[in-house]
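J.: heads up, no residue letters with this:
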């Protein structure tokens, strides 16, 4: 899709030269004006269809900064570049935040530098537009979360059998949302319980730990499927969106009083002992043993399962990765060693049969 670049300069030779250069080198739609008032009143700005503006500083009727202030009121997301003389450089720098200036170039400019700045500016605009689309998708998903919560609140009661059915339903919701994690939540629940047994947790804690494993990814109902099932590497922006799932999960489960013991491991299963995890960057003893167990079980199953971007790893490769995470201070050594005992004894393989 062709983007629109606007050039505003009172010298016709400059607008003609830049228009020709951008059309030839960037293959974009270019519009040019030698009068700032005409530029401000143009149909493209009125309908917010200008992606990037290049404006001169010294012009009749109003200078470039005043012009770009007016543009920002109409089109706050349009990328703006200012062409200045040396004497105007200080004013341009002072006004960067005021007008949302993306870049300024001093005259005489180098055409290659200008082309590079314009390309980067258009990429910035594309990225911001893409993020807006993703956030709209996230808003839709959040409405789904709210609807799910209302249904759960309406149907839930404290009887044991109903609680079990609810947990199974939540696990099904997670796996229906993310087609590449079929069986993941159930396996994480079982693995977590078995590690907890080896570490001597009492029966009540084991029950809640297994439940937490089964519902630990419920927050993924609030993540767009286009991100969950993306076959390629996630962008930084997409990764930030998917990281929200642990907090979304806490929001969903918090009203369910019988599952309150699951909240801490559910929210913090991506925390790391050295503080490099999320969402709160917890360290060391601030991370409960249940949370440490769930985190290791989750990582193990993710590595030992097929994912959209790779096939499952061998058990020896998985052990190497987990051992390195222990040496880096990310994972609990005792928990990982308990998992290794399960692998060496063959217990872990039975879960995947």
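T.: Nice, thanks for sending it over. Model, not experiment: these values are computed from the prediction.

J.: Next SSE downstream of the helix or strand of the chain with the lowest mean pLDDT?
T.: When the helices and strands of the chain are scored by mean pLDDT, DSSP states H and E, helix 160-177 comes last with a mean of 63. Towards the C-terminus, the helix or strand next in line after helix 160-177, according to DSSP states H and E, is helix 184-198.

J.: Can you name every helix or strand that that next one contacts?
T.: helix 160-177, helix 203-215, helix 289-303, helix 333-345, helix 347-351 (3 or more C-beta pairs under 8 Å, 6 or more residues apart in numbering; DSSP states H and E). Quick note: C-beta positions are derived from backbone N, CA and C, even for glycine.

J.: In the shortest one, which residues are buried?
T.: It refers to helix 347-351. 348, 351 (16 or more other C-beta atoms under 10 Å).

J.: for it, what is the average pLDDT?
T.: Averaged across helix 347-351, pLDDT comes to 88.

J.: Who are the packing partners of that helix?
T.: So helix 347-351, by 3+ C-beta pairs under 8 Å, 6+ apart, packs with helix 184-198, helix 333-345.

J.: hey, which of those is tucked in deepest?
T.: helix 184-198 (a mean of 23; mean count of other C-beta atoms under 10 Å).

J.: relative to helix 203-215, how tilted is it?
T.: Angle, helix 184-198 to helix 203-215, by axes from the mean of the first three to the mean of the last three C-alpha atoms, to 10 degrees: 160 degrees.

J.: got any ranges where the stretch 251-353 of the chain has weak pLDDT?
T.: For the stretch 251-353 of the chain, the stretches with pLDDT under 70 are 308-309.

J.: Report the separation between residue 318 and residue 197.
T.: Going from residue 318 to residue 197 by C-beta to C-beta, to the nearest Å gives 21 Å.

J.: Next: residue 138.
T.: Residue 138 is 38 Å from residue 197, where distance means C-beta to C-beta.

J.: Can you give me the buried ones in stretch 41-54?
T.: So for stretch 41-54, counting by 16+ other C-beta under 10 Å, buried means 42, 44, 45, 49, 50, 51, 52, 53, 54.

J.: Generate a markdown table for these, with secondary structure as supplementary columns.
T.: Rendered in a markdown table, the data for the buried residues of stretch 41-54 read as follows (DSSP: H, G, I helix; E, B strand; the rest coil):
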| residue | secondary structure |
| --- | --- |
| 42 | coil |
| 44 | helix |
| 45 | helix |
| 49 | coil |
| 50 | coil |
| 51 | coil |
| 52 | strand |
| 53 | strand |
| 54 | strand |
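
J.: Those residues: which two are farthest apart?
T.: 49 and 54 (16.1 Å; C-beta to C-beta).

J.: what's near enough to touch the residue lying closest to residue 74 once chain neighbours are set aside?
T.: Nearest residue to residue 74 in three dimensions, chain neighbours excluded: residue 45, at 5.5 Å (C-beta to C-beta, 6 or more residues apart in numbering). Neighbour list for residue 45: 6, 39, 71, 74, 75 [criterion: C-beta atoms under 8 Å, 6 or more residues apart in numbering].

J.: And residue 191, by the same measure?
T.: Counting by C-beta under 8 Å, 6+ apart, residue 191 makes contact with 213, 297, 300, 301, 339, 342, 348, 351.

J.: Could you check how far it is from residue 351?
T.: 6 Å.

J.: what's the answer for residue 337, then?
T.: Distance of residue 337 to residue 351, given as C-beta to C-beta: 18 Å.

J.: same question, residue 201
T.: Per C-beta to C-beta, residue 201 is found 18 Å from residue 351.

J.: try residue 240
T.: Counting by C-beta to C-beta, the gap from residue 240 to residue 351 is 32 Å.

J.: How about residue 205?
T.: 20 Å.

J.: swap in residue 15?
T.: Between residue 15 and residue 351 the distance is 69 Å, computed by C-beta to C-beta.

J.: Please apply the same query to residue 187.
T.: Distance of residue 187 to residue 351, given as C-beta to C-beta: 6 Å.

J.: do the same with residue 183
T.: 10 Å.

J.: do residue 286 as well
T.: As defined by C-beta to C-beta, residue 286 lies at a distance of 30 Å from residue 351.

J.: domain assignment for this protein?
T.: Domain assignment for the chain by automatic domain parsing gives 4-125, 156-351.

J.: got CSV for these, with distance to residue 142 too?
T.: Converted to CSV, the domains of the chain look like this (distance: least, C-beta to C-beta, whole Å):
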stretch, distance to residue 142
domain 4-125, 23
domain 156-351, 5
